[in-house]
Every structure is written in C-alpha cells, then in structure tokens.
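**Student:** can you look at this prediction? I've put the sequence above it.
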Amino acid sequence: MNTLLGARKMPDYYMIIVSGTPGTGKTQVARLLAEDLGLRYVSSSVILKELGAAKPDPTGRYTYLVSGEGVRRALETLRNARIPVVLETVYPSLWLEAGDEDTVFVVLLRTDPFELYERLARRGWPPEKIAENVLAEILGVVASDLADYWHMVFEVDTTGKSADRVVENLYEKVLRWDAGFKIDWLTREDVGQLAVRLEASVDFDKYWLGYSG
C-alpha cells in the first residue's frame with residue numbers, strides 16, 4: 001500500500017471506490033484489490049440493504065433506488081468501524097458527495113460493449129436489461145457521473161483481461177497518477193450501430209441506472 005500511494009500518510013479510515021457498468025468486473029476486481037492491499041471488501045448494495053437505505057425499483061428493473069441520506073448513514077457506519085475498505089458501487093458520485101475526503105481514488109472499469117453484451121447474456125438477464133446496461137456503457141453513464149472527480153478516477157479497460165491483469169494495469173496508472181477519462185466507445189462505427197439497435201429495445205420511461213435523491 002505504501003508503494004502504491006507513495007509517501008502519503010493515510011488516516012485511520014479511508015476507502016478506494018471501484019465502479020463501472022454492471023458486468024465490467026467490479027466484484028472480482030474489488031475483492032482482489034482488497035485482498036492484495038490488506039483492506040476490507042465492502043459491497044455498497046449489501047450495506048445499504050442492511051441499513052434499509054436501498055429500496056427495490058418499483059418499475060421492476062431488477063435494481064434498487066438509493067438515497068443520498070442512506071449513503072451518508074452507510075458511510076458513517078464505515079467510518080465508525082475505522083477499517084479501510086475497497087467499496088464496490090454503481091453509484092460512485094453519491095459516495096463521493098458524502099465523503100470525498102475519505103476517498104483515496106476511484107477505479108472506473110470499462111468493457112467493450114460487444115463483450116459486455118455477451119457477459120450479461122451469460123448471466124441470463126432479460127434482453128431489455130442487457131440493452132439498458134450496454135447502452136449505459138456505450139454512452140459512458142458512470143464516467144459522466146464521475147466528471148467532477150476526474151482528477152482521482154483511474155479508468156481501466158477490462159476487455160479480455162483477467163482480474164489480476166486489471167489490477168496490474170490499475171497499479172501502473174496509480175503510480176503514474178494517470179487519472180481521467182480516455183475511453184470513448186462511440187468513436188467506433190460498429191459501436192454506434194450497436195447503440196442504434198439497442199435503443200429500439202429499451203423503454204426510456206424506465207431507463208437508466210438512476211437513484212433517488
């Protein structure tokens with residue numbers, strides 16, 4: 001950890017956030033990163049559900065609505081435990097708004113939309129849910145959510161890579177402090193065509209990986 005973060009003196013509590021569109025490898029990477037750095041892995045969805053701060057989406061989109069106040073309560077619980085964590089979440093800006101001073105850096109995982117489609121299909125997800133999430137990846141929804149924090153976000157492409165290799169790539173970026181956003185899938189014509197096809201299968205009245213305030 002000292003090598004990764006240089007000479008920085010770390011407080012008793014801090015967190016590293018791992019985020020990305022569902023299917024990009026958050027759980028594997030976050031668990032491996034936590035194990036490698038000797039930190040505790042925390043799933044944001046688990047702690048938020050335990051605190052009653054995540055409610056099922058009434059639209060039936062197989063996801064949860066999260067409030068900013070719920071995240072603040074969850075963060076306070078983690079702070080009180082005084083145990084540094086690697087936190088996995090699809091709602092990074094809510095956690096950063098509640099405690100950016102606690103966050104060392106954010107890992108943003110990206111995956112080629114065609115590979116992401118196949119990963120989600122193998123999970124047996126409904127076609128509309130697959131389309132919604134692949135579109136979110138194509139349009140960089142999570143990256144947009146992190147725009148105000150670009151200076152502490154390390155974007156890593158997980159396409160065709162093991163979790164070990166992704167973590168290695170992350171370390172290389174952190175040691176250089178190579179932060180910011182570099183991936184734009186829409187520069188590829190084939191991805192643009194995929195986006196057009198997927199848009200036709202999504203009900204935009206129920207759309208997005210949204211959260212309530």
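**Tutor:** Nice, thanks for sending it over.

**Student:** hey, let's count contacts and neighbours off CA atoms from now on
**Tutor:** Fine.

**Student:** so E155 sits in a helix?
**Tutor:** No - counting by DSSP: H, G, I helix; E, B strand; the rest coil, E155 falls outside a helix, being strand.

**Student:** quick one, strands of the protein?
**Tutor:** Assigned by DSSP state E, the chain shows strands spanning 15-20, 40-43, 54-56, 64-66, 85-88, 103-110, 153-157.

**Student:** what distance do you get for Y171 to E155?
**Tutor:** Y171 is 11 Å from E155, where distance means Cα to Cα, to the nearest Å.

**Student:** looking at the two, which has the bigger crowd around it?
**Tutor:** Comparing Y171 with E155 by other Cα atoms under 10 Å, the one with more neighbours is E155, at 24 against 17.

**Student:** in the sheet, who's paired with that one?
**Tutor:** Assessed by DSSP bridges, E155 has beta-bridge partners L108.

**Student:** flag the shaky bits of the protein, pLDDT-wise.
**Tutor:** The model of the chain has pLDDT under 70 over residues 1-8, 56-64, 203-213.

**Student:** ok, which stretches of it are helices?
**Tutor:** Shown for the chain, the helices assigned by DSSP state H span residues 2-5, 26-37, 44-50, 68-81, 92-99, 113-122, 127-139, 141-145, 163-176, 189-199.

**Student:** how about the fourth one: buried residues?
**Tutor:** The neighbour-count check on helix 68-81 (16 or more other Cα atoms under 10 Å) flags G68, G70, V71, R72, R73, A74, L75, L78, R79 as buried.

**Student:** ok, which of the helices of the chain comes nearest D12?
**Tutor:** Evaluated over these, closeness to D12 peaks at helix 68-81, with 8.8 Å, by Cα to Cα.

**Student:** that closest one vs helix 92-99, what angle?
**Tutor:** Interaxial angle, helix 68-81 versus helix 92-99 (axes from the mean of the first three to the mean of the last three Cα atoms, to 10 degrees): 60 degrees.

**Student:** residues in contact with helix 68-81?
**Tutor:** 13-14, 47-48, 51-54, 94-95, 98-99, 212-213 (Cα atoms under 8 Å, 6 or more residues apart in numbering).

**Student:** and S162, backbone torsions?
**Tutor:** phi -80, psi 160 (degrees, to the nearest 10).

**Student:** and the gap between it and E132?
**Tutor:** S162 is 25 Å from E132, by Cα to Cα.

**Student:** so those two - more neighbours on which side?
**Tutor:** With neighbours defined as other Cα under 10 Å, S162 and E132 compare such that E132 has more, 22 against 13.

**Student:** now the more buried one: how far from L87?
**Tutor:** For E132 relative to L87 (Cα to Cα), the value is 24 Å.

**Student:** before we move on, what about R123?
**Tutor:** From R123 over to L87 (counting by Cα to Cα), the distance is 23 Å.

**Student:** what about these two, which has more around it?
**Tutor:** Using other Cα under 10 Å, the more surrounded residue of R123 and L87 is L87, with 26 against 10.
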